[in-house]
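Asker: Got a predicted structure here, sequence first:
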Amino acid sequence: MLGSSSTTSADAVRPGVAVREDYRHDIQGIRAISALLIAIYHIWINKVSGGVDVFFVISGFLMTGVLIRQIQQFDRIQPLLFWGNLIKRIAPGACTVLLVTLAAGYFIVPEPLWNQLIQETLFSALNLENLELMNRSVDYLNRELPPSPVQQFWALSTQVQFYALLAPLLMLALWIGRRCGAAARTAVLLALGLTAAFSLLYSVLETAREPVSTYFNPAARVWEFFAGGLLALLLPRIRLQGALRNLFGLLGLATLLLFGLLAPQGSQFPGSIALIPVAAAVMLIVAGSGAEPSIASRWLASRHLAGLGRISFGVYLWHWPLLAFALEYLGSTRLDVPQGLLVIVLAILLAMATHRFVEEPIRNHRYATRRVWVPYVIGLLLLSPVLASAATWKYYIRDVVAEERNSNARLASPEDFAPAEVQVHAGQLSEANLITAKVILPASYQGNCHQQITRPEVVYCAYGDTSSSITVALVGGSHATQWLPALERIGKAYGLKVLNITKKECPFGATEGSHPSCAEWNSRLIDTLAELRPQVVITNSTTTTHPKIREYVPPAYVQQWRRLEQLGIPVIGIRDNPSLGFDPATCVARHRDNLLACSKPRSKSLAERDPSLEHLGELGNLHLVDMSAFLCTAEQCLTVTHDFLMYRDGHHLNPRYVLALSGRLHEQLALAIPEVFRR
């Protein structure tokens with residue numbers, strides 16, 4: 001496993017466990033270096049070190065070796081015993097880290113990130129964290145969330161999935177190869193090689209297409225495990241002379257140590273570039289085989305490195321929450337050298353303590369070796385407090401969310417709600433507001449009312465007074481649908497049907513960088529609006545999300561407005577809200593007594609003059625609404641005002657604040673088109 005020991009001498013006397021005659025201390029050294037590289041690159045360099053890829057190769061190599069020895073010694077496959085031994089190795093350390101991280105997170109992690117921590121803890125405990133991160137990476141509402149203190153469990157989840165899903169097939173293939181002769185063994189090698197080749201090809205193609213999600217995709221990592229498995233099968237046939245073995249060892253060690261530094265910044269993993277650390281692992285394993293170890297292998301097998309390798313599993317698991325908590329406590333994005341060294345030392349000490357007082361006592365207890373089912377019971381007992389703690393916390397948040405929804409429904413929206421004013425302290429901002437900031441979303445996100453990023457079909461749902469013959473269409477992307485809570489309330493109060501016709505990451509007018517389906521959706525949307533004939537279309541009039549332009553009107557917006565003019569449909573454009581470039585809810589939780597630290601100069605957020613005003617004279621159907629006075633003062637764009645948290649992330653408004661603005665929004669809508677909104 002990731003950083004865990006291979007079969008130990010204690011295992012050698014257990015029933016059904018193959019005896020080890022060639023324990024590889026040098027592999028422990030490779031693990032030690034890989035774990036240190038991962039920590040160093042996470043703390044200071046912010047690049048991929050290749051250490052995880054090396055772990056995957058070693059894991060496949062050792063797992064296959066265990067299966068080969070089991071079949072050779074006992075002439076049968078014992079999957080329950082194999083998985084039971086894995087549980088004894090993984091569960092004690094992993095569950096300890098998860099439980100401690102969860103408990104520490106309650107005091108250290110800001111309230112807006114609690115739900116993320118709980119969610120990912122549950123997925124990590126069930127060895128599904130990599131799949132959760134894959135899903136999160138394509139969920140545009142969650143992309144901006146910082147890495148959680150348990151994100152490192154993605155690698156362990158990938159390995160467990162490999163062992164659970166592919167190890168049985170590998171067991172069967174090895175057993176057939178042993179029973180059916182040389183031809184069957186050749187077929188097994190060919191099958192494993194083809195599987196690895198297809199996985200590598202998939203990895204290269206998917207990394208180019210979706211690099212973020214592919215990084216966590218187990219199918220894109222299978223070839224790394226199988227590279228180690230194939231090496232375990234072929235290693236007895238590999239004979240290298242001393243000089244060549246030394247060359248392999250030194251070249252592999254140099255590649256392992258220098259790969260991360262020399263790899264281009266922004267390299268996409270795993271993809272083809274992962275071949276380099278995989279090759280380094282293969283060269284080091286080959287160099288350490290045979291009666292006479294290589295120079296590099298002797299160094300890797302030294303007492304201190306091998307000792308660190310035996311606890312590298314714990315070092316890997318502990319370093320990440322320590323780093324995350326240190327950054328949170330210091331309010332920093334990077335640790336200096338002394339701080340980073342302290343994190344590494346603490347990770348090593350905690351790994352030693354976990355190994356000495358948790359892993360070894362459980363693994364070597366006499367009850368753990370008596371029955372094949374005992375490890376499974378141990379695993380459940382260790383997992384139970386993690387799941388129970390996370391579930392209890394999750395139920396608490398669920399109750400907070402329910403109460404906050406009820407509070408939002410009762411929230412008044414006076415016509416005289418004051419423009420934004422600077423607020424220095426968040427003393428009256430409730431914990432519930434912060435906890436639910438990223439959980440409560442506009443109603444359109446439920447069901448099929450906010451179209452997916454990749455789908456071109458036009459979908460819509462009715463809100464407000466759904467029986468009314470007066471129809472208002474809210475169209476565009478998430479910056480349009482964020483106004484739905486206020487429009488729904490206005491619709492109910494003034495007898496208007498509000499049709500939400502929106503699509504993720506797709507404004508009314510496809511912009512540069514939009515998904516290809518956005519242009520088709522926009523084309524279909526015009527046809528849909530021509531059929532629906534709403535009394536007015538409400539959308540965004542500007543955008544503030546361009547990385548280089550502060551605020552502007554995309555030409556595609558104007559083209560869509562012209563098409564509606566030809567249809568005789570009025571348009572109300574709401575000026576876009578500022579994009580802040582940081583997470584306001586988390587910032588507020590960290591700076592309750594200095595909210596100005598969570599503001600942004602207006603001059604860096606919005607244009608001096610609403611850019612959409614330039615198009616008023618050329619379009620007869622265009623009306624404009626500017627709510628910026630409720631988002632910014634003359635100097636600053638705020639995140640808290642009148643005890644309201646104004647944003648739920650860096651560029652979407654908080655539904656609770658939108659509801660509070662309902663009266664003032666209606667006031668401006670009525671001025672724009674009184675015949676629709678003044679009823």
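Answerer: The structure has been received and is ready for your questions. Numbering: from 1, shown residues only.
Asker: going forward, measure contacts and count neighbours with C-alpha atoms only.
Answerer: OK.
Asker: And the top helix by length along the chain, what does it pack against?
Answerer: Identified as the longest helix of the chain according to DSSP state H is helix 374-410. Contacts defined by 3 or more C-alpha pairs under 8 Å, 6 or more residues apart in numbering; DSSP states H and E place helix 374-410 against helix 79-108, helix 114-125, helix 431-435.
Asker: Does anything pack onto the longest one? Which helices or strands?
Answerer: This points to helix 79-108. By 3+ C-alpha pairs under 8 Å, 6+ apart, helix 79-108 packs against helix 114-125, helix 312-330, helix 360-364, helix 374-410.
Asker: Which neighbouring elements make contact with the second one?
Answerer: Spelled out, it's helix 312-330. In terms of contacts (3+ C-alpha pairs under 8 Å, 6+ apart), helix 312-330 is packed against helix 25-40, helix 79-108, helix 337-354.
Asker: Nearest to A391, out of those helices?
Answerer: helix 79-108 (11.3 Å; C-alpha to C-alpha).
Asker: P149 belongs to a helix, doesn't it?
Answerer: No. Secondary structure of P149 (DSSP: H, G, I helix; E, B strand; the rest coil): coil, not part of a helix.
Asker: Spatially nearest residue to it, not counting backbone neighbours?
Answerer: Of all residues not flanking P149 in the chain, P321 sits nearest, at 4.5 Å (C-alpha to C-alpha, 6 or more residues apart in numbering).
Asker: chain center to the helix or strand L200 falls within, what's the gap?
Answerer: Secondary structure here is read from DSSP states H and E; on that basis L200 sits in helix 182-209. Here helix 182-209 is found 28 Å from its chain centre; the criterion is C-alpha atoms, centre = their mean, to the nearest Å.
Asker: now do stretch 413-433
Answerer: 32 Å.
Asker: Now the phi/psi pair for P264, please.
Answerer: Dihedral pair for P264: phi -60, psi 140, per degrees, to the nearest 10.
Asker: how much space between it and P277?
Answerer: Using C-alpha to C-alpha, to the nearest Å, P264 is found at 14 Å from P277.
Asker: Tell me which of the two has more neighbours.
Answerer: Using other C-alpha atoms under 10 Å, the more surrounded residue of P264 and P277 is P277, with 27 against 11.
Asker: Can you check the pLDDT for the more buried one?
Answerer: Per-residue pLDDT puts P277 at 97.
Asker: wait, it sits on L256?
Answerer: Yes. If you go by C-alpha atoms under 8 Å, P277 and L256 touch, sitting 6.1 Å apart.
Asker: Spit out the residues that contact the two alike.
Answerer: Residues within reach of P277 and of L256 at once, by C-alpha atoms under 8 Å, 6 or more residues apart in numbering, are 50-51.
Asker: highest average neighbour count across the helices and strands packed on helix 312-330?
Answerer: Comparing the helices and strands packed on helix 312-330 by mean neighbour count (mean count of other C-alpha atoms under 10 Å), helix 25-40 ranks first with a mean of 25.
Asker: now that one, how far from the chain's geometric center?
Answerer: That offset, for helix 25-40, works out to 25 Å (C-alpha atoms, centre = their mean).
Asker: Kindly report the same for stretch 211-224.
Answerer: On C-alpha atoms, centre = their mean, the centre of stretch 211-224 falls 14 Å from the chain's centre.
Asker: in it, what counts as buried?
Answerer: When burial is assessed from 16 or more other C-alpha atoms under 10 Å, stretch 211-224 yields the following buried residues: 211-224.
Asker: If we only consider these, which is nearest to Q423?
Answerer: Nearest to Q423 among the buried residues of stretch 211-224 is V212, at 38.0 Å by C-alpha to C-alpha.
Asker: Against A607, how distant is the nearest residue to that closest one once chain neighbours are set aside?
Answerer: What sits nearest to V212 in space, not counting adjacent residues and going by C-alpha to C-alpha, 6+ apart, is S137, at 6.3 Å. To A607, S137 is 31 Å away according to C-alpha to C-alpha.
Asker: who has more neighbours, those two?
Answerer: S137 (21 against 15).
Asker: The more buried one touches S213, doesn't it?
Answerer: Yes. Between S137 and S213 there is a contact under C-alpha under 8 Å: 5.6 Å.
Asker: And the pLDDT at the residue nearest to A301 when sequence neighbours are not counted?
Answerer: Once flanking residues are discounted, A301 sits nearest to D26: 4.0 Å by C-alpha to C-alpha, 6+ apart. Looking at D26, its pLDDT is 94.
Asker: do G65 as well
Answerer: So, for G65, pLDDT stands at 88.
Asker: wait, what's in contact with the nearest residue to E404 once chain neighbours are set aside?
Answerer: Closest residue in space to E404, ignoring its immediate chain neighbours: A432 at 6.8 Å, by C-alpha to C-alpha, 6+ apart. By C-alpha under 8 Å, 6+ apart, the contact list for A432 reads 400-401, 404.
Asker: got it, and P211?
Answerer: 268-269.
Asker: go on, R221?
Answerer: Listed by C-alpha under 8 Å, 6+ apart, the contact set of R221 reads 199-200, 203, 270.
Asker: Closest to Y316 out of the residues you listed?
Answerer: Of these, the one sitting nearest to Y316 (C-alpha to C-alpha) turns out to be P270, at 19.1 Å.
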